[in-house]
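# A structural model of the following input is requested.
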Amino acid sequence: MARRLALAPLLALLVLALPACGSASSPPTTDATTGAETGAEERPRSGRGRLALKRVGNFDQPVYVSGAPGFPRLLFVVEQQGRIVVLRGGRRVRRPFLDIRGLVSFEGERGLLSIAFPPDYRSSRRFYVYYTDNEGSIRVDEFRRRGPTRAARGSRRPVIRIPHAENANHNGGQLQFLGKLLYLGTGDGGSAGDPPGNAQNRNSLLGKLLRINPRPGGGRPYRIPRSNPFVGRPGRGEIYSYGLRNPFRFSFDTVTARRPRIAIADVGQSRFEELDYTTVRRARGANFGWDAFEGFAPFPASEGGSSDPGGTVKPVFAYPQSRGGSCSIIGGYVVAKRGLRSLYKRYVYADLCEGELRSLVPGLRRARGDRKLGLSVDTPSSFGEDRRRNLYVASLTGPVYRLVEN
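So this is what the prediction gives:
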């Protein structure tokens, strides 16, 4: 993120001053190959409803929340310093699911940043974590669970390592499975203006959306899908999209249309925060514009911007950092839970400094209907979903809340 996302709660006010640099119903049926929902079409709702935040627990700097396939009663909360805590049926399990604090550097924006479970998690027992190691490099590691609420720490298998030692910020941090393939969003390497030009450099894995098969093959710890856009072309085969500054959070929308879409909240430099939204198919090989553009505006060459490469995918929504003291967009989800009646098919997001929860209707050309939910969270760090499509929001100060509608 553009600000020091992950400072201790006592330093949360300092973060704001830094300059820019439900229901028990089953989840919707999805296509096993694409992840696309197969339900009937319904229009997005108004975003106006009697919403509330229900606290589910208090944690140590929570930065991500997730459910796991095959375990609908479990909720996993990622703590930045290197622990993952489990709630079972709403009650906290005493022993952490995973504790890798010795492997994780967590100053500034670094830390243990997300967890992802493949569709076959119940049988394979495999899961993946995204963190920055003690040298500052981005890592994705595979672990196996010992039981439903405990991982086997000794099962660690490194999957991918991306050097990132020069600057502590812009680490990305998101893992998401779509089918059997794992997507991860990486930051551009930090500093201001992307001075190395990583985001537009297709030989660098920084400032990108990557797509891999995380299982080993061909003597490597992961495999590169042959359908990735730069396989057999100039550029790294792992790259799926490029031209991103710090896609700290992205998510897949499998409820709006029959083909899955992706929503990427890309943190801005000093003027605009942006939301990129397109189909997963169109994101293949897409250039989202950084560091030639920030939001819809050209990024000045005087601040390190590059020339317009042409053919970039413009955001569907951007807002100025002058709006209510905003500083860093915290991307959320297109709401798939019908129990959240007023938010169904709306994209919910927040801003780290502003704190207000907001929603909009995403579109492939433009978003519309951006409005406040009438709820706010102190220093929101992330959103998350469980297997019942309940929506959660985490605060760096400790609480994790579930959004409910009265």
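# which parts of the stretch 151-300 of the chain are helices?
Counting by DSSP state H, counting those that start in this stretch, the stretch 151-300 of the chain has helices at residues 280-283.
# what about the residue nearest to Leu403 when sequence neighbours are not counted, how many neighbours?
Nearest residue to Leu403 in three dimensions, chain neighbours excluded: Leu391, at 4.7 Å (C-beta to C-beta, 6 or more residues apart in numbering). C-betas here are computed from N, CA, C, even on glycine. Leu391 has 25 neighbouring residues, counting by other C-beta atoms under 10 Å.
# test my guess that Leu391 contacts Leu373.
No. Applying C-beta atoms under 8 Å as the test, Leu391 and Leu373 come out as separate, 11.0 Å apart.
# identify the contacts common to those two.
Contact criterion C-beta atoms under 8 Å, 6 or more residues apart in numbering; residues shared by Leu391 and Leu373: Leu343, Val348.
# on that earlier part again, roughly how far does the residue nearest to Leu403 sit from Val255?
As judged by C-beta to C-beta, to the nearest Å, Leu391 and Val255 stand 12 Å apart.
# shared neighbours of these two, which are they?
Val335.
# give me the pLDDT for the residue nearest to Leu403.
According to the per-residue confidence, Leu391 scores 98 in pLDDT.
# so what's it up against?
Applying C-beta under 8 Å, 6+ apart to Leu391 gives the contacts Gly332, Tyr333, Val335, Lys337, Leu340, Leu343, Val348, Phe383, Gly384, Glu385, Arg402, Leu403.
# ok, the closest residue to Glu303 other than its chain neighbours to Ser270 distance?
Across the structure, with C-beta to C-beta, 6+ apart as the measure, the residue nearest Glu303 apart from its sequence neighbours is Gly193 (4.9 Å). The spacing between Gly193 and Ser270, counted by C-beta to C-beta, is 9 Å.
# more neighbours, those two?
In this view Gly193 and Ser270 are compared by other C-beta under 10 Å, and Gly193 has more residues nearby, 22 against 15.
# separation between that one and Val348?
Noted for Gly193: a distance of 30 Å to Val348, by C-beta to C-beta.
# do Glu109 as well
Going from Glu109 to Val348 by C-beta to C-beta gives 22 Å.
# returning to that earlier point: dump the contacts of Leu391 to CSV, plus secondary structure, neighbour count and pLDDT.
Converted to CSV, these look like this (DSSP: H, G, I helix; E, B strand; the rest coil; neighbours: other C-beta atoms under 10 Å; pLDDT from 0 to 100):
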residue, secondary structure, neighbour count, pLDDT
Gly332, strand, 28, 98
Tyr333, strand, 23, 98
Val335, coil, 27, 98
Lys337, coil, 23, 96
Leu340, coil, 24, 95
Leu343, helix, 28, 96
Val348, strand, 23, 98
Phe383, strand, 23, 98
Gly384, strand, 27, 98
Glu385, strand, 20, 98
Arg402, strand, 19, 98
Leu403, strand, 24, 97
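# and the residues you listed as JSON lines, adding distance to Leu206?
Below are these laid out as JSON lines (distance: C-beta to C-beta, whole Å):
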{"residue": "Gly332", "distance to Leu206": "24"}
{"residue": "Tyr333", "distance to Leu206": "25"}
{"residue": "Val335", "distance to Leu206": "31"}
{"residue": "Lys337", "distance to Leu206": "34"}
{"residue": "Leu340", "distance to Leu206": "36"}
{"residue": "Leu343", "distance to Leu206": "34"}
{"residue": "Val348", "distance to Leu206": "28"}
{"residue": "Phe383", "distance to Leu206": "24"}
{"residue": "Gly384", "distance to Leu206": "25"}
{"residue": "Glu385", "distance to Leu206": "27"}
{"residue": "Arg402", "distance to Leu206": "34"}
{"residue": "Leu403", "distance to Leu206": "33"}
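# now, among these, which is nearest to Ile160?
Gly384 (22.6 Å; C-beta to C-beta).
# what's the closest non-adjacent residue to that closest one?
Once its chain neighbours are removed from consideration, Gly384 has its nearest residue in Val65; the separation is 2.8 Å (C-beta to C-beta, 6+ apart).
# okay, Arg50 and Arg402: tell me how far apart.
When C-beta to C-beta is the yardstick, Arg50 and Arg402 sit 15 Å from each other.
# what does Pro214 give?
29 Å.
# low-scoring stretches of the stretch 201-350 of the chain, by residue?
Low-confidence segments of the stretch 201-350 of the chain, defined by pLDDT under 70: none present.
# all strands of it, in order?
All strands of the stretch 201-350 of the chain, identified by DSSP state E, counting those that start in this stretch, fall at 208-212, 239-242, 249-253, 261-266, 272-279, 293-294, 297-298, 317-320, 329-334, 347-351.
# turn the ones you listed into a markdown table, including distance to Arg368.
Supplementary listing: the strands of the stretch 201-350 of the chain in a markdown table, determined by distance: least, C-beta to C-beta, whole Å:
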| stretch | distance to Arg368 |
| --- | --- |
| strand 208-212 | 25 |
| strand 239-242 | 24 |
| strand 249-253 | 15 |
| strand 261-266 | 15 |
| strand 272-279 | 12 |
| strand 293-294 | 21 |
| strand 297-298 | 20 |
| strand 317-320 | 9 |
| strand 329-334 | 14 |
| strand 347-351 | 11 |
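# how many neighbouring residues does the residue nearest to Gly384 have?
For Val65, the neighbour count with other C-beta under 10 Å is 28.
# hmm, Val280 is touching Pro260, no?
Yes. With contact taken as C-beta under 8 Å, Val280 and Pro260 are classed as touching, separated by 4.8 Å.
# circling back to that earlier point, pick out the most distant pair among the contacts of Leu391.
The widest separation within the contacts of Leu391, taken as C-beta to C-beta, falls between Leu343 and Gly384 and amounts to 15.1 Å.
# biggest strand in this protein, by residue count?
Looking only at the chain and at elements set by DSSP state E, the strand with the highest residue count is strand 150-162.
# what residues of it count as buried?
Of the residues in strand 150-162, those with enough neighbours to count as buried (16 or more other C-beta atoms under 10 Å) are Ala151, Arg156, Val159, Ile160, Ile162.
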